[in-house]
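*Asks:* Only the shape, not the letters, is given here:
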């Protein structure tokens, strides 16, 4: 082992907007270190940070967050009310169910329900 994850960092245009969105999704209090760097410490998980960069997002994320939920349709509706955008329909397979979403800057993420629970 080399080390442990200190934080997951999203490059973005508006850190203040994204930190509020993700704090509402994951819990925790949004913190602004400075104008170009904000973060949230979700309860029981690694810090999620947002740093301003000059270039925009142009392709699909190479890494995304999967957020486990009890009810995918309800979680999707809550996320949309916060500013997320739904992509396609709920996917169901032997591993469970998931719904792809975009955060307010277009970063892909999913609400998921593992197969050990009944599909929602």
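*Replies:* Ah, there it is. This structure is a prediction, so every number in the text was calculated from the model and none was measured. Residues are numbered from 1 along each chain as shown.
*Asks:* Parallel or antiparallel, list what pairs with the longest strand seen in the chain.
*Replies:* Ranked by number of residues, the top strand in the chain under DSSP state E is strand 85-93. Strand 85-93 has these partner strands in its sheet, going by DSSP bridges: strand 96-102 (antiparallel).
*Asks:* contacting residues around stretch 59-72?
*Replies:* 8, 25-26, 48, 75, 90, 97-99, 107-114, 117, 119-120 (Cβ atoms under 8 Å, 6 or more residues apart in numbering). For every residue, glycine as well, the C-beta is placed using N, CA and C.
*Asks:* May I see the buried residues of that stretch?
*Replies:* 65, 67, 69, 72 (16 or more other Cβ atoms under 10 Å).
*Asks:* What residues sit buried inside stretch 9-20?
*Replies:* Here stretch 9-20 shows 10, 12, 13, 15, 17, 18, 19, 20 as buried, counting by 16+ other Cβ under 10 Å.
*Asks:* Need the contact partners of it.
*Replies:* 30-32, 35-40, 48-53, 55-57, 103-105, 107.
*Asks:* all helices of this protein, in order?
*Replies:* 15-26, 72-82 (DSSP state H).
*Asks:* can the buried residues of stretch 59-72 go into JSON lines with extra columns for distance to residue 81 and pLDDT?
*Replies:* Below are those laid out as JSON lines (distance: Cβ to Cβ, whole Å; pLDDT from 0 to 100):
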{"residue": "65", "distance to residue 81": "19", "pLDDT": "96"}
{"residue": "67", "distance to residue 81": "15", "pLDDT": "97"}
{"residue": "69", "distance to residue 81": "14", "pLDDT": "97"}
{"residue": "72", "distance to residue 81": "15", "pLDDT": "97"}
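*Asks:* Where strands are concerned, which of those count?
*Replies:* 65, 67.
*Asks:* ok, of the buried residues of stretch 59-72, which one's closest to residue 84?
*Replies:* Set against residue 84, the nearest of those by Cβ to Cβ is residue 67 (10.6 Å).
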